[in-house]
Each structure stands twice: as C-alpha cells, then as structure tokens.
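Novice: Sequence plus predicted model, see below.
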Amino acid sequence: MALPGTFSVNSDVKKIEASFKRKITSLNTYNKRFASRFARKMRDRIVEKRLSGPPGLTSRTGRLAASFKYSTWLTKDRFGMVVYSRSPYAFIHEHGRMIVAKERASLAIPFSWARPGGYHMFQPHVDTNYPNRFKVVKPKGGGAFLFDTVFSKFSHTLRYSVYIPARLKALETIRKYLPTIHGQYKLGINRILNRNGR
C-alpha cells in the first residue's frame, strides 16, 4: 500500500527495454533508408532543375548529368548524404571559369541553330561524310568563324578563350531543398517514437 503523498507504478521493465530496442533499431533503419532516398532525390533534382534546359544548362550528350552520383554514411549517432560529380565540367559550370584553347587551337562556339534542337549536332572539323565541310573565315572587321558548306551558313565562332559563367547552381538547388528534407525527416521520426508499445 502506498504511503500518503506517494504513488506506485507497476511496470514491466523488460517489456519497456524491448520496446526501446525496437524503436532504436527502427530509427537506424529509417536513417539509412532516408539518407539513401533523399540523396537520390537531391541528385535527381539537380539534373531535372539545372541540366534540363532553362534556367539551367541544356543537355547535349548527357555525360554531365550522368556524372552526378550520391553516397550516404551512417554512424551510431548521426547520418549524412553527399551528392557529387567528378566531372571537371561540373566544377566549371558550378563556379565559373575561363577556358583557354590548347596548343593555340581555337575554341569553336556553336551558334544556336547548330546546337541540339537545331538542324543537327556535330563536331567542328570532324565529319567523315564531308571531310571539307567547314571552312575558317576571317572577316576584315576581325574575329574568326566556321562556315558550314552543307547548310551554307556560319555555324561557329572561333575564340582562343571563353569565360563560362557559374550557372549550374547545384549547391543552391540543394540548399533550397533542405527545408523539405528536414520537415519530412521529423515526420518520420515522430511516427516511430509515437508507436506505443511497438
């Protein structure tokens, strides 16, 4: 019988411990799955928002988009996720950089009609069907261009260097997505912790 001013509680210690262990196991599993799922979503979001045309980059070969990977890590008290690309072009488009032609060969910058979505896609100076397809033209006013003899129009401007502006904005895209990640993570954690006796 409890003394006045005190109370007694009947509890099954082993049952409570088992419940906590199940919840801890559930949390670890949830963290692992959550990290993998949202790392993949962040990677896909970069590709969809920044590598699929305006306002980002327009994909030509798809190699830059395919270079984006993700990985996750999990310890006893924390987990994390990383989205990354080892492509040098990803760094250039993310931070901006001056590109200089190698061995004094000019960089060929295509006009809009010569890009994907125009008539066709090709590499300047490399056309097995038309070996002499492109001619270098240097107007008196300065500059240099490639003239496409098949379409009878200028296809590229030639430069020794060109500045690539920072326009990928992968980090900015991830930062904008973080509030969504935090919100959904908290919802999942609360569901696990509120499981009574399970």
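Specialist: That came through fine. Here the structure is a predicted model, which is why all the values come from computation and not from measurement. Residues are numbered from 1 along each chain as shown.

Novice: Which stretches in the protein count as helices?
Specialist: Taking DSSP state H as the criterion, the chain carries its helices at 13-50, 63-66, 88-95, 170-193.

Novice: tell me, what residue is most central in this protein?
Specialist: residue 46 (3.6 Å; Cα atoms, centre = their mean).

Novice: I'd like to know how far it sits from residue 57.
Specialist: When distance is defined by Cβ to Cβ, to the nearest Å, residue 46 is 11 Å away from residue 57. (C-beta placed from N, C-alpha, C; glycine too.)

Novice: Quick check: neighbours shared by those two?
Specialist: With Cβ atoms under 8 Å, 6 or more residues apart in numbering applied, the overlap between the contact sets of residue 46 and residue 57 consists of residue 168.

Novice: so what's the residue nearest to the centre of the chain up against?
Specialist: By Cβ under 8 Å, 6+ apart, the contact set of residue 46 is 68, 83, 168, 170, 173-174.

Novice: can you give me the offset of stretch 177-185 from its chain's centre?
Specialist: Remark: stretch 177-185 is offset 17 Å from the chain centroid, using Cα atoms, centre = their mean, to the nearest Å.

Novice: got it, and stretch 85-104?
Specialist: Averaging C-alpha positions (Cα atoms, centre = their mean) puts stretch 85-104 17 Å from its chain's average.

Novice: Stretch 70-79 too?
Specialist: For stretch 70-79, the gap between its own C-alpha mean and the chain's C-alpha mean amounts to 20 Å (Cα atoms, centre = their mean).

Novice: What's opposite residue 153 in the beta bridge?
Specialist: Residue 153 has these beta-bridge partners by DSSP bridges: residue 148.

Novice: give the contact list for residue 164.
Specialist: Contacts of residue 164 by Cβ under 8 Å, 6+ apart are 92-93, 96-99.
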